[in-house]
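K.L.:
Quick one, structure for this:
(one chain, ligands or ions: 1)
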Amino acid sequence: MPKRIVIVGGGAGGTITANLLARNLHYQLINGEVVINMITDTPNHVYQPGFLYVVFDKVRSDEIIRKQRDLLDSHVNLFVDAAEKIDRDNKVVITKGGKEFPYDYLVVATGSRIVPEEIPGLSEGGHWFYSLDGAKKLRDSLKDFDGGRVVISTGVPHKCPVAPLEITFMLYDYFKQKNMLDKVEIYYTYPINRLHALEPVSNWTIPQFESKGIKYEVLFNMEEVDPAKKVLKSMEGSELHYDLLITVPPHSGSKVIEDSGMGKKGWVATDKQTLNNAGYDNVYVVGDTTDIPISKAGSTAHFEADVVAERLSSQVLEGCASTRYDGKVVCFVETGFDEATYVWFNYKTPPRPTPPSKMLHWMKLGYNRLYWLSAKGVL
Ligand SMILES: Cc1cc2nc3c(=O)[nH]c(=O)nc-3n(C[C@H](O)[C@H](O)[C@H](O)COP(=O)(O)OP(=O)(O)OC[C@H]3O[C@@H](n4cnc5c(N)ncnc54)[C@H](O)[C@@H]3O)c2cc1C
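P.N.:
Numbers count the residues shown, from 1 in each chain. Coordinates of the predicted model:
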């Protein structure tokens, strides 16, 4: 009987894990000693950081989408279906299509999703760039925008902690290029008592915002949008008039997680070093759906996938595993249209953003193109 590995979710984390496992377990796969099945609910793989560039007409949608099958090692079986129930006691995943996938080892990589419906009025009155459709709608509204107050507001929790800063800096350069800075007020809000979740990044941002005249308000948690009056209200009692509202809506994990009793709001209890689902040595968790205290980011998913693939391969081949995740995250942060900064941190070392440079911007653009090699497990 082969060892059966099931991976649920074929985004950044699931795909890198699958390809690294296929490499580490190549001979076992060819000899039929191991089977890897991936269940994911869409045939396409979308590079989400690309949405930011769609807003400013800097990439086309077809540049950030690939067929999932083309990214996977040919020895990984792909099933396009949605997991509806994960039964850890009986070690089986049941799909919407009615199939059952028994497993010896499970990797949960179902990511996170935006839930704008949690904020009344947001869908009618606001924009977001956290989906391809949303990014395109915002792009079209920006083209028609002739001035006024642009409010950028962020919900909790959310993936990619640097994206709200990036959109703000890029909007500044967008209006500068259009000679509209005198007609526009850029107003940034953040839910906690500083400009960013990571204190060094927040401290670094203050002078950047001040030199550009970007206004800000902290301790601002979106409560409700009044689309008729164009007002955004916060839980703290603030009311902000806007002419264009750009938000990062709050996020949840995938529905299957909550439906399977694996974690409230879809966040799975995960050991921050072994990446095992708490209490299950044969279940691993990768990417946004973990509950570990680190940024939800593609970079995080990538470094976690390296660890999970190593641990799982060792479990299959040697019966034990020792590699651990140290919380490593690396992000390039756009600080406009032609400069970027860079942050590197882990559980023990805080980030120290570097001065923005054109070189870092080109590195970010370069990585955007190389992502497909990352997904294939080559980088
Ligand atoms: C605008 C934007 C900018 C970003 N910029 C950056 C950046 O600069 N740097 C960075 O590191 N990160 C960035 N990110 C974040 C990054 O894209 C995510 O953190 C990363 O994709 C998480 O990987 P994941 O595998 O956990 O989830 P995902 O890549 O979202 O994959 C999850 C997959 O699981 C599937 N799935 C969900 N539920 C089920 C189910 N029940 N059955 C089957 N399949 C299911 C989904 O369809 C999806 O394909 C950005 C994100 C956005 C939106």
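
K.L.:
CA only for contacts and neighbour counts going forward, please
P.N.:
Noted.

K.L.:
Near the ligand, which residues of the stretch 51-200 of the chain? Just list them.
P.N.:
Contacts of the stretch 51-200 of the chain with the ligand, taken as Cα under 6 Å from any ligand atom, map to 51-52, 82-84, 109-112, 129-130, 159-160, 163.

K.L.:
Between these, identify the one with the most neighbours.
P.N.:
Thr110 (31 neighbours; other Cα atoms under 10 Å).

K.L.:
just to revisit the earlier point, keep only those of the residues of the stretch 51-200 of the chain next to the ligand that are in strands.
P.N.:
Ala83, Glu84, Ser112 (DSSP state E).

K.L.:
so where do the helices sit in the chain?
P.N.:
With helices called from DSSP state H, the chain shows them at 12-24, 26-30, 51-55, 68-71, 122-125, 132-144, 163-177, 199-212, 255-259, 298-318, 358-375.

K.L.:
Determine which of those approaches Gly287 most closely.
P.N.:
Among the helices of the chain, the nearest to Gly287 by Cα to Cα is helix 298-318 (4.0 Å).

K.L.:
pLDDT averaged over that closest one - what is it?
P.N.:
Mean per-residue pLDDT for helix 298-318: 98.

K.L.:
what do you get for stretch 147-161?
P.N.:
On average, stretch 147-161 scores 97.

K.L.:
Equivalent analysis for stretch 273-288, please.
P.N.:
98.

K.L.:
Just the buried positions in that stretch, please.
P.N.:
Within stretch 273-288, the residues scored as buried using 16 or more other Cα atoms under 10 Å are Thr274, Leu275, Asn276, Asn277, Ala278, Asn282, Val283, Tyr284, Val285, Val286, Gly287, Asp288.

K.L.:
what do you get for stretch 98-114?
P.N.:
101-103, 105-114.

K.L.:
what's next to that stretch, contact-wise?
P.N.:
Contact partners of stretch 98-114, identified using Cα atoms under 8 Å, 6 or more residues apart in numbering, comprise 3-11, 13-14, 91-94, 130, 158-159, 249-254, 266, 282-289, 312.

K.L.:
So what's the gap between that stretch and the chain middle?
P.N.:
Relative to its parent chain, stretch 98-114 has a centroid offset of 18 Å by Cα atoms, centre = their mean, to the nearest Å.

K.L.:
ok so, going back, any of the contacts of stretch 98-114 buried? List them.
P.N.:
4-11, 13-14, 91-94, 130, 158-159, 249-254, 266, 282-289, 312.

K.L.:
Keep only those of those residues that are in strands.
P.N.:
4-8, 92-94, 251-253, 282-285.

K.L.:
any idea which of the residues you listed is the one closest to the ligand?
P.N.:
Using Cα to the nearest ligand atom, Val8 is the member of these that lies nearest the ligand, at 5.5 Å.
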